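>>> Fold the following for me, if possible:
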Amino acid sequence: MRKTNAFLSALFLAVGLATLPALSQQLDADVENDYPTEARADYVFGCMQVNGNTRLSLQRCSCSIDIIASILPYEQYQQAETIMSVRQRGGESVAHLMNPASQTIVHNLKLAQIEGELRCF
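Down below sits the predicted model:
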């Protein structure tokens, strides 16, 4: 009985160790893919409208958001999108978003977008 338990324990340990690299890769992929599907779809939808609503634009725009997501964490993407949205509205609320920190956040998004365009279009 003890030999069977020892054998099963060793077997479970071996299986667990064998699956550890796959689990690690999945966790890495989850960290890299922190953009919600809705945010990716929204980007692709807008990108496609600007680029002709074709199958080719779907492929290129999907590629572009993947590149952006690989460069910029979602939190920073969301901050930049919010800043740019408020800036478009204008008014007094825009003044506090013209500081260097806000400009850097938007600049980083624009650099990621340029990289996406260079690689995908």
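
>>> Need the contact partners of stretch 61-78.
Here stretch 61-78 makes contact (Cβ atoms under 8 Å, 6 or more residues apart in numbering) with 32-36, 39-40, 43-44, 47-48, 51, 80, 105, 108-109, 111-113, 115-117, 119-121. C-beta here means a position set from N, CA and C on the backbone, and glycine is covered the same way.

>>> Pull out the buried members of these.
35, 39-40, 43-44, 47-48, 80, 105, 108-109, 112-113, 115-116, 120 (16 or more other Cβ atoms under 10 Å).

>>> Farthest pair within those?
Looking at the buried ones among the contacts of stretch 61-78 by Cβ to Cβ, the two members farthest from one another are Met48 and Ile105, with 25.2 Å of separation.

>>> Mark which of the contacts of stretch 61-78 are part of helices, please.
Those of the contacts of stretch 61-78 mapping onto helices are 32, 39-40, 43-44, 47-48, 80, 105, 108-109, 111-113, 115-117, 119-120, per DSSP state H.

>>> Show the low-confidence segments of the protein, by residue range.
For the chain, the stretches with pLDDT under 70 are 1-33, 93, 96.

>>> go again using 90 as the cut-off
1-33, 85-99 (pLDDT under 90).

>>> Work out which residue lies at the spatial centre of it.
For the chain, the residue sitting closest to the mean C-alpha position, by Cα atoms, centre = their mean, is Ala69 at 2.8 Å.
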